[in-house]
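[1] Quick check, what structure comes out for this input:
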Amino acid sequence: MITILTWSAEAGLKEDWTAADIKALLERRDLVLWVDFRSPAKDEAALLSSVFAFHHLAIEDCESRRGNPKIEDFRDYLFVLTHGVHPDSSEREFRTRQLSLFVGGHYIVSYHRDRSRSVEHAMEAARHNPRIMAEGSDSILYHLLDYQVDQYLPVLENFEKKIDEVEDRVFHATTSDVLSEVLAFKRALMRLRRISGHQRDVLMRLVRREFPMIDEKSVYGLRDVHDHLVRITDLADTYRELVGGALEAHLSIVSNRTNEIMRVLTVIATLFIPLTFVVGVYGMNFEHMPELGWRYGYLLIWLVMLAVAGGMYLYFRRRGIFDAPAATRPRTAEAARGVEPARAAGGSRPAAAPQAGAPPGNRADPRVK
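    Numbers count the residues shown, from 1 in each chain. Predicted structure coming up:
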C-alpha cells in the first residue's frame, strides 16, 4: 500500500494522489513530497528503482529484516535505517520493527513491511499541523525519529520493574527458574543496548551537520532525540549490570546453602566414625572375646558410645562448628551486590535521577525533555 502526502504554498496539504503521480510530483521543486510504502506489492516496490532511482544496495537493505540501524550518504539523498519498538516486545524478548527512510532535498520516502506507529503518528500530526511538512523533509524525519524513540521509554520502565522482581526472586526461587529468567532478561537488555547504540550513532551523524538536506532548525530537535538515546543506552548498561549482580547474589546464596548442608553432613559423619568403629569391633563373631561374656557389657558399650558422641559434640560446639556464619545470607539484593546504604534504603536508581522540582523520593521518568 502506498500513501502520498504533499504540501505546497498554493494548495497546502493534499493526499489524493496515486502511484502514477509520483514521477511528476518528484520533478516539482515547489512542494514537499512524502511517499510511504507499507507492505508494498512487487510492482509497488519496483518504484524505488524505476522512479526514485535509489541505489540497489539501499533497496536490498529495505527488504532485509535483520539490518542494524545505520545512515548512508548517496549525495542526492540520505538512506536512514532505524528500528522501532514492537508492540509485543516484553522483558524476556525485546523485539523491534524496521523502518527505512530516504531523505532528499524536498521529499522523504518511508518503507516498512509491518505497521509503523511512528509513521502513523507523524502522518496524523502532519494532517492536523501542515507546518510539519511545510518545514521540509528534515522536519518529517525529526518527528518520525522523535516518536520512535519515545516508544522505548515504556520498555525501560517495564525493565526496571522486572529488575526489582528479579532481585526479590533470587532469595526464594530455585536456581533453574532464576537462571532461565535472568538469562532471557539479559538477552533482551543486550539487544536493547545494541539497537539503541546504533541509533545513537545515526543521530550523532545527523546532528553534526554533515548533510546539506538537514536544516539547522531540525538539528535542534534531533539533538534532543540524540540525548534521549544516550540516556537509553546508559540505562541499558546500568540494568544489565544490576541483573548480573542479582545473578551473582543468587549463586552466592546457593553456594552458602550448599556449604551449610555439607557442614552438617560432615559433622554427622564425623560423630558416627568412632561409633561405627566400636560397633564394628564388637560385631565380629569371634568365639574368644572376653567382653562378650560380661553381664553388663551391652550397657557399657552404650555408655561408651554416648560418652564419645557427647564429648565430640561438646568439642565441636566449643570450636564454633555449629554456629552459622555471620554473612550466610544477605538481607537484601543491594547488600549482596555491595551497594551503598543510601541505595539499599530505598533511593532511586542511579540512572533515573529526579527531575527538577519533583518531590523527593519520587522516581523521575528515564527521559527528561
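
[2] Could I get the average pLDDT for stretch 14-29?
    For stretch 14-29, mean pLDDT rounds to 82.

[3] C-alpha coordinates for it, PDB please?
    C-alpha atoms of stretch 14-29 as PDB (Å, rounded to 0.1, in the frame of the first residue of the first chain):
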ATOM      1  CA  LYS A  14      -3.000  17.200  -0.200                       C
ATOM      2  CA  GLU A  15      -3.100  13.400  -0.200                       C
ATOM      3  CA  ASP A  16      -5.400  12.400  -3.000                       C
ATOM      4  CA  TRP A  17      -2.600  11.100  -5.200                       C
ATOM      5  CA  THR A  18      -1.900   7.800  -6.900                       C
ATOM      6  CA  ALA A  19       1.300   5.900  -7.600                       C
ATOM      7  CA  ALA A  20       1.200   7.200 -11.200                       C
ATOM      8  CA  ASP A  21       1.600  10.800 -10.000                       C
ATOM      9  CA  ILE A  22       4.800  10.200  -8.100                       C
ATOM     10  CA  LYS A  23       7.100  10.800 -11.000                       C
ATOM     11  CA  ALA A  24       5.500  14.200 -11.800                       C
ATOM     12  CA  LEU A  25       5.400  15.200  -8.200                       C
ATOM     13  CA  LEU A  26       9.100  14.300  -7.800                       C
ATOM     14  CA  GLU A  27      10.000  16.700 -10.500                       C
ATOM     15  CA  ARG A  28       8.300  19.600  -8.900                       C
ATOM     16  CA  ARG A  29      10.500  21.700  -6.600                       C
END
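
[4] got the buried residues for that stretch?
    17, 22, 25-26 (16 or more other Cβ atoms under 10 Å). The way it works is simple: take the backbone N, C-alpha and C, and place the C-beta from them, glycine included.

[5] swap in stretch 205-222?
    In stretch 205-222, counting by 16+ other Cβ under 10 Å, buried: 205-207, 213-214, 218-219, 221-222.

[6] So which other helices or strands are in contact with the longest helix seen in the chain?
    Ranked by residue count and defined by DSSP state H, the top helix of the chain is helix 216-282. In terms of contacts (3 or more Cβ pairs under 8 Å, 6 or more residues apart in numbering; DSSP states H and E), helix 216-282 is packed against helix 137-150, helix 152-169, helix 175-207, helix 297-318, helix 333-337.

[7] returning to that earlier point: next step: the buried residues of stretch 14-29 restricted to helices.
    Those of those lying in helices (DSSP H): 22, 25-26.

[8] now, among the residues you listed, which is nearest to Glu260?
    Ile22 (73.8 Å; Cβ to Cβ).

[9] wouldn't that closest one be in contact with Ser50 here?
    No. Using Cβ atoms under 8 Å, Ile22 makes no contact with Ser50, being 10.0 Å away.

[10] between the ones in helices among the buried residues of stretch 14-29, which is nearest Glu135?
    Nearest to Glu135 among those, with distances taken as Cβ to Cβ, is Leu25, at 18.3 Å.

[11] give me the low-pLDDT residue ranges for this structure?
    Scanning the chain for pLDDT under 70 picks out 173-176, 322-369.

[12] And the residue nearest the centre of it?
    Leu189 (2.2 Å; Cα atoms, centre = their mean).

[13] list the contacts for that one?
    Going by Cβ atoms under 8 Å, 6 or more residues apart in numbering, Leu189 touches 94, 159, 236, 239-240, 243.

[14] Against Arg117, how distant is the nearest residue to Arg95 once chain neighbours are set aside?
    Of all residues not flanking Arg95 in the chain, His86 sits nearest, at 3.7 Å (Cβ to Cβ, 6 or more residues apart in numbering). Counting by Cβ to Cβ, to the nearest Å, the gap from His86 to Arg117 is 10 Å.

[15] Please apply the same query to Glu165.
    27 Å.

[16] re earlier: indicate which one of the helices and strands packed on helix 216-282 is closest to Leu33.
    helix 137-150 (8.1 Å).

[17] how about the CA coordinates for that closest one, as PDB?
    The C-alpha trace of helix 137-150 is given here as PDB (Å, rounded to 0.1, in the frame of the first residue of the first chain):
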ATOM      1  CA  SER A 137      11.700  16.700   4.600                       C
ATOM      2  CA  ASP A 138      14.100  17.000   7.600                       C
ATOM      3  CA  SER A 139      11.200  18.200   9.800                       C
ATOM      4  CA  ILE A 140       9.300  15.000   8.900                       C
ATOM      5  CA  LEU A 141      12.400  13.000   9.700                       C
ATOM      6  CA  TYR A 142      12.700  14.600  13.100                       C
ATOM      7  CA  HIS A 143       9.000  13.800  14.000                       C
ATOM      8  CA  LEU A 144       9.400  10.200  12.900                       C
ATOM      9  CA  LEU A 145      12.600   9.600  14.900                       C
ATOM     10  CA  ASP A 146      11.200  11.500  18.000                       C
ATOM     11  CA  TYR A 147       8.100   9.400  18.300                       C
ATOM     12  CA  GLN A 148      10.000   6.200  17.500                       C
ATOM     13  CA  VAL A 149      12.500   6.900  20.400                       C
ATOM     14  CA  ASP A 150       9.500   7.800  22.700                       C
END
